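Engineer: quick check, what structure comes out for this input:
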Amino acid sequence: MDKYLFTASFRRDGSPVFPADNRFANFPAFGVAWKISEENFLKNIPFISELKLRASYGITGNSNIPLQRAVIFRGSPTNIVYAFGENRNMVGGATVNQPIDPSTRWETTVQTDVGLDVGLLNNRLNLSFDYYNRNNRDLLVGVPISLSSGFGGPFDQVGTVIRNAATAFNRGFEATINFRGEIGEFKYSIGGNVAYNRNEVVSLGAGQPFNSASVTGGYLATRTEQGQPIASFYGYRVDRVASTQADVDRLNQLARERTGNANAVYQTQLRPGDIIFRDLNGDGQVTERDQTFLGNPLPLWNYGGNINLAYKGLDLMIGIYGVAGLELWNDLTYWLEGTTRPFNSSAALVDRWRREGDVSEFPRAGQNANGNLNLRASDRFIENGAFMRVRNVTLGYNLPSSLLGKTKNVLSSARVYVTAQNLFTFTQYSGYDPEISAQAQGARNFIFTRGIDNGQFPQPRSFMVGLQLGF
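Structural biologist: Reported below is the predicted structural model:
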């Protein structure tokens, strides 16, 4: 009777990337819908064109990992070596960089959706609401392995092993609204959508929280930990730049009083002109225990909008897109404001700390100053990543048939238009482009490198002029 709808599917998939015992998995799904507007008690209400309630449940799988095999790194005599013979000559060797976890299995996503579709005023006004709960189980990720395990590459390169290392959820809602109408020869449609999503790590199984996403300087920028969004930015919080030696002495005295150690210092190698980081746990010293979560690269909000206007032969289309509730890691700060090189620095460093008593947000200059501790992972690199972008603007004109003249026997229509893409971007982000794409580490590692801007090429603003002909 076109009132009650039901659909179901079942898949059984296998993949050779998993061990034989875990090669296959089952993935069922089903959905139901109720067209309430087809019921007699609503059918005669004129302004309700459509009212449909729907729900679905399904399980999908992911096997997007390399074929499980040990990765061997063969080194040169300058990195992976062993001494042989009477003369103990150094000979290049090899090491296993990526071992195999024999318990690896399918990553699964279990999702439940509930939605409502509403059409009013003869479907001139359409609204849609969706709530979803997506549980990602047994996430397949490359987990760093301690060098003490014996696995790794050259120059203290940390090895990884692919494991079902985490369980996380994404919960949120989506809403859309569209309205269309006309006044004489003027036609219009206006629409918008907004989506809210919250991500959180539910469990790391038997594993421990781990850091990842190597940024310039060799520091790890993100941390995955239970109760936090996946791969949140992690590090120290900046307090200020030490202005004088007396400023440093006061902090060192505080460290001695709180620790009871006469040789204690507040912060390793701290000198006037260096960044003072915050002692978050209050023990009087800045140590690894003072690191904290600095931001979430996953946007809480995504939104968009579109406007379509038409009058006689003219038409105008405007599309916007934006995100909010996220942070970005601006890795260019390392190069432009890090004073690691005596060239190509930001003009802002003219106001850096130079001498005793200076007050500045930029530390002293000097290649490898303070052993690069001023450049450790901190909120110095974190910025608000929200933006709104006018993605597309198109203005067109349909030539009237009177202008086609004798060509009407050949041409049925002709339209000229001009389009501008990425016309405007509104953001507080200081980097080239707040819309950060995937990094080079690969699809499976991108989950830990989202929101890290290493100076990628920005999306261009482009203009196009076109002609459409109908025959």
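
Engineer: for stretch 217-228, buried residues please.
Structural biologist: Judged by neighbour count (16 or more other Cβ atoms under 10 Å), stretch 217-228 contains these buried residues: 219-225, 228. Quick note: C-beta positions are derived from backbone N, CA and C, even for glycine.

Engineer: ok, those residues vs residue 272, which is closest?
Structural biologist: residue 219 (23.9 Å; Cβ to Cβ).

Engineer: so who does that closest one touch?
Structural biologist: 235, 375-377 (Cβ atoms under 8 Å, 6 or more residues apart in numbering).

Engineer: skipping adjacent residues, who's closest to residue 121 in space?
Structural biologist: Spatial nearest neighbour of residue 121, excluding adjacent residues (Cβ to Cβ, 6 or more residues apart in numbering): residue 47 at 5.8 Å.

Engineer: surely the one you found touches residue 120?
Structural biologist: Yes: with contact defined as Cβ atoms under 8 Å, residue 47 reaches residue 120; the gap is 5.6 Å.

Engineer: farthest pair in the contacts of residue 219?
Structural biologist: Across those (Cβ to Cβ), the longest gap, 10.8 Å, separates 235 and 375.

Engineer: tell me where the stretch 1-150 of the chain has helices.
Structural biologist: Along the stretch 1-150 of the chain, counting by DSSP state H, counting those that start in this stretch, helices occupy 40-43.

Engineer: what about it, any weak spots by pLDDT?
Structural biologist: 68-80, 95-98, 144, 146-150 (pLDDT under 70).

Engineer: redo that, cut-off 90
Structural biologist: Residues of the stretch 1-150 of the chain meeting the criterion pLDDT under 90: 1-2, 17-20, 40-46, 64-103, 138-150.

Engineer: equivalent analysis for the stretch 201-350 of the chain, please.
Structural biologist: 203-219, 335, 338-345.

Engineer: any idea where the helices of it begin and end?
Structural biologist: Counting by DSSP H, counting those that start in this stretch, the helices of the stretch 201-350 of the chain are 245-259, 332-337.

Engineer: number of nearby residues for residue 262?
Structural biologist: Neighbours of residue 262 under the rule other Cβ atoms under 10 Å: 6.

Engineer: try the one 5 residues further on
Structural biologist: Number of residues near residue 267 (other Cβ under 10 Å) recorded here: 24.

Engineer: what of the one 3 residues further on?
Structural biologist: Counted with other Cβ under 10 Å, the neighbours of residue 270 add up to 21.

Engineer: before we move on, what about residue 437?
Structural biologist: 11.

Engineer: isn't it up against residue 456?
Structural biologist: Yes: counting by Cβ under 8 Å, residue 437 touches residue 456, with 6.5 Å between them.

Engineer: pLDDT (mean, whole number) over the longest strand along the chain?
Structural biologist: Longest strand in the chain, counting residues (DSSP state E): strand 159-183. The average pLDDT within strand 159-183 is 90.

Engineer: which of the residues in it are buried?
Structural biologist: Buried-residue list, strand 159-183, by 16+ other Cβ under 10 Å: 159-170, 172, 174-178.

Engineer: rewinding a little: tell me which of the helices of the stretch 201-350 of the chain sits most buried.
Structural biologist: helix 332-337 (a mean of 18; mean count of other Cβ atoms under 10 Å).

Engineer: what is the subsequent helix or strand relative to that helix?
Structural biologist: As assigned by DSSP states H and E, the chain's next helix or strand after helix 332-337 is strand 382-384.

Engineer: just checking, next helix/strand downstream of that next one?
Structural biologist: Following strand 382-384 toward the C-terminus (DSSP H and E): strand 387-398.

Engineer: what's that next one packed up against?
Structural biologist: strand 314-324, strand 413-427 (3 or more Cβ pairs under 8 Å, 6 or more residues apart in numbering; DSSP states H and E).

Engineer: report the inter-axis angle for that strand versus strand 413-427.
Structural biologist: With axes from the mean of the first three to the mean of the last three Cα atoms, to 10 degrees defining the directions, strand 387-398 sits at 170 degrees from strand 413-427.

Engineer: what residues are bridge-paired with residue 389?
Structural biologist: Beta-bridge partners recorded for residue 389 (DSSP bridges): residue 321, residue 425.

Engineer: what do you get for residue 91?
Structural biologist: residue 82.

Engineer: residue contacts, it?
Structural biologist: By Cβ under 8 Å, 6+ apart, the neighbours of residue 91 are 77, 81-84.

Engineer: for these, give me TSV that also has neighbour count.
Structural biologist: Shown next, in TSV, are those (neighbours: other Cβ atoms under 10 Å):
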residue	neighbour count
77	12
81	14
82	12
83	9
84	11
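
Engineer: show me which of those residues is closest to residue 289.
Structural biologist: Among those, and counting by Cβ to Cβ, the member closest to residue 289 is residue 81, at 36.3 Å.

Engineer: contact partners for residue 354?
Structural biologist: 273, 364-365.

Engineer: give the contact list for the closest residue to residue 264 other than its chain neighbours.
Structural biologist: If the residues on either side of it in the chain are set aside, residue 264 comes closest to residue 255, at 4.4 Å by Cβ to Cβ, 6+ apart. Shown in contact with residue 255 (Cβ under 8 Å, 6+ apart): 261, 264-266, 284-285.

Engineer: list only buried entries from these.
Structural biologist: Buried subset of the contacts of residue 255 (neighbour count, 16+ other Cβ under 10 Å): 264-266, 284-285.

Engineer: pretty sure residue 234 contacts residue 295?
Structural biologist: No: between residue 234 and residue 295 there is no contact under Cβ under 8 Å: 9.2 Å.

Engineer: picking that back up, of the helices of the stretch 201-350 of the chain, give the one that comes closest to residue 462.
Structural biologist: helix 332-337 (23.7 Å).

Engineer: who's in contact with that closest one?
Structural biologist: 215-217, 340-341, 344-346, 348-349, 362, 375, 380-381, 431-432, 453-455.

Engineer: tabulate the buried residues of stretch 217-228 (CSV), appending distance to residue 415.
Structural biologist: Formatted as CSV, the buried residues of stretch 217-228 follow (distance: Cβ to Cβ, whole Å):
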residue, distance to residue 415
219, 54
220, 54
221, 49
222, 49
223, 53
224, 51
225, 55
228, 52
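
Engineer: if anything else comes up later, I'll come back, but that's it for now.
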